[in-house]
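>>> fold the following and give me the result.
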Amino acid sequence: MSGGDVTRLIVMGGGIAGAGAALALHKAGFDVTVFEAHPDSAEDIGAFLTLASNGMRALAEMDASEAVTAIGFPLTSMRVLDDTGAELAQVPLGEAGTPHLRYRCLRRGDLNAALQAEVIRRGIDIRHGRRLVSVEDGPDTVTAHFADGSTATGDLLIGADGLNSTVRRLISPHTRPTYAGQHVYYGYTGAASEAGRPETITMVRGSSVAFGYAVSPEGETYWFARVSDAPLAADALAEGTPARRRDLLLPLLRKDATPAADLVAATPDRLMVTNATELPTGTPWRSGRTLIIGDAAHAASPATGQGASMALEEAVVLAKSLRDAPDTESALTLYERLRRPRVEHNITVSGNISRGTPTPTADRPGDDELIRQLDWDTDLWQHTQ
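Residues are numbered from 1 along each chain as shown. Okay, here's the model as predicted:
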């Protein structure tokens, strides 16, 4: 372990980004404590997500593959349908030939719980029910102040507290998430007549709705729908019933001859909706001994399905930057130089998909370079000099 003057790290948030960071930093030899505002691990039990091969590779580098492959199910191919239900393509998905790198479909809450269980298994301290109020940044340490009056002091504070990050508000009070052009429905049904193909996600290019679904080995269909429209009002999000949400979505799907409408009609109650949001590129990530990562730093619309995978990638890159660089300032500069082009490219591409606008050609790190950055045995400092 290098890290200059950093030995004790405070991680705010025990979700995917925070738990992932704790696992990678602990593997790199740092003393890590995680503080989570929620009283238990189930930060978000509703929506599901897909971990892509890059996210699965990051988990492998932090020795956490088994914790995640024990839940959810693999996806090895993608099928594309048009608005008539005709199949346009079926292609392999990611690194389908390597079992621990296959795409994986999971409930977000299950992934949170699995990663937190692995944090605990490794003896990393995670403290629930600690809601951050303020951060006191000193010349040699940083202190977190919590709503219950307690404090925690470390050498570096990592804000992994999500889209509505308290840490980001303290670093950059004028930065706010903005609407990305779509609201997104998620649902689960075990009563669908559509059988679905094993280990396959089907993407439907509907006339007015982008729809996708996958069927678990137990026969449960996970589906999502992205609708381009004005944002839903806060009361509609908070108080709307599953039946009301279904009634809003079904007329749009019934315009097309695809399986989408039947899947939604067969979803009686487990149906959620949220506004897709994003953070502006150029959002400040650092202030003194405080850094934000994951959705707190670079939330993107879900159109590319890369949010969780990006967060796990940067857990590894952050741990290695702190491990390999000669001092903390050099480590954080290196980390930001490596991560910002990649995650901001994702914000741009995902936002353009959501808004239906073309994506300009932009440079981003290639797959070979990403693999080198994630490889635990590659010295990032030496590699980049």
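
>>> and A89, that one's in a strand?
Yes: counting by DSSP: H, G, I helix; E, B strand; the rest coil, A89 falls inside a strand.

>>> distance of it from G97?
Distance of A89 to G97, computed by Cβ to Cβ, to the nearest Å: 19 Å. Bear in mind the C-beta positions are built from the backbone N, C-alpha and C, glycine included.

>>> now do L156
Taking Cβ to Cβ, one finds L156 at 39 Å from G97.

>>> looking at those two now, which is surrounded by more residues?
Remark: of L156 and G97, L156 carries more neighbours, 25 against 9, as counted by other Cβ atoms under 10 Å.

>>> in the stretch 251-385 of the chain, which spans are helices?
Per DSSP state H, counting those that start in this stretch, the stretch 251-385 of the chain carries helices over the ranges 260-265, 295-298, 307-324, 328-355, 367-374, 380-384.

>>> so where is the stretch 201-350 of the chain shaky, pLDDT-wise?
Residues of the stretch 201-350 of the chain meeting the criterion pLDDT under 70: none.

>>> extract the CA atoms of the lengthiest strand in the chain and return them as CSV.
Longest strand of the chain, by residue count under DSSP state E: strand 178-189. C-alpha atoms of strand 178-189 as CSV (Å, rounded to 0.1, in the frame of the first residue of the first chain):
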residue,chain,number,x,y,z
THR,A,178,-31.8,17.2,-14.2
TYR,A,179,-34.5,15.3,-16.2
ALA,A,180,-33.0,13.2,-19.0
GLY,A,181,-36.1,13.1,-21.2
GLN,A,182,-37.8,9.8,-20.2
HIS,A,183,-39.7,8.2,-17.4
VAL,A,184,-38.9,4.6,-16.8
TYR,A,185,-41.2,1.8,-15.7
TYR,A,186,-40.0,-1.4,-14.1
GLY,A,187,-42.1,-4.5,-13.4
TYR,A,188,-42.1,-8.2,-12.6
THR,A,189,-44.6,-10.9,-13.5
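
>>> tell me the helix or strand right after that strand.
strand 200-205 (DSSP states H and E).

>>> what lines up beside that following strand in the sheet?
The strands beside strand 200-205 in its sheet (DSSP bridges) come out as strand 77-81 (parallel), strand 209-215 (antiparallel).

>>> same list (these) but as TSV, adding distance to L25 and mean neighbour count.
Compiled in TSV, those are given as follows (distance: least, Cβ to Cβ, whole Å; neighbours: other Cβ atoms under 10 Å):
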stretch	distance to L25	mean neighbour count
strand 77-81	34	19
strand 209-215	33	24
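
>>> and P326, how many neighbours?
For P326, using other Cβ under 10 Å, the count is 11.

>>> any idea how far it lies from W381?
Per Cβ to Cβ, P326 is found 7 Å from W381.

>>> am I right that H174 is in a strand?
No: H174 sits outside any strand when classified using three-state DSSP, being coil.

>>> now for it, how many residues are close by?
H174, neighbours per other Cβ under 10 Å, totals 6.

>>> return the backbone torsion pair for it.
phi -90, psi 0 (degrees, to the nearest 10).

>>> could you work out the end-to-end span of stretch 79-96 for me?
14 Å (Cα to Cα, to the nearest Å).

>>> quick check: buried residues in that stretch?
Neighbour counts over stretch 79-96 (16 or more other Cβ atoms under 10 Å) mark 79-81, 83, 93-96 as buried.

>>> can you pull out the strands in the stretch 1-150 of the chain?
Using DSSP state E, counting those that start in this stretch, the strands assigned to the stretch 1-150 of the chain run over residues 8-12, 31-36, 48-51, 73-75, 77-81, 87-92, 103-107, 125-128, 132-137, 142-146.

>>> out of these, nearest to R244?
Across those, R244 has its closest neighbour in strand 48-51 (21.2 Å, Cβ to Cβ).

>>> and the contacts of the closest one?
59, 68, 75, 103-108, 111, 186, 188, 201, 222, 224, 302, 305, 307-309, 312 (Cβ atoms under 8 Å, 6 or more residues apart in numbering).

>>> about what we covered before: A210: which of the strands of the stretch 1-150 of the chain is closest?
strand 77-81 (11.1 Å).
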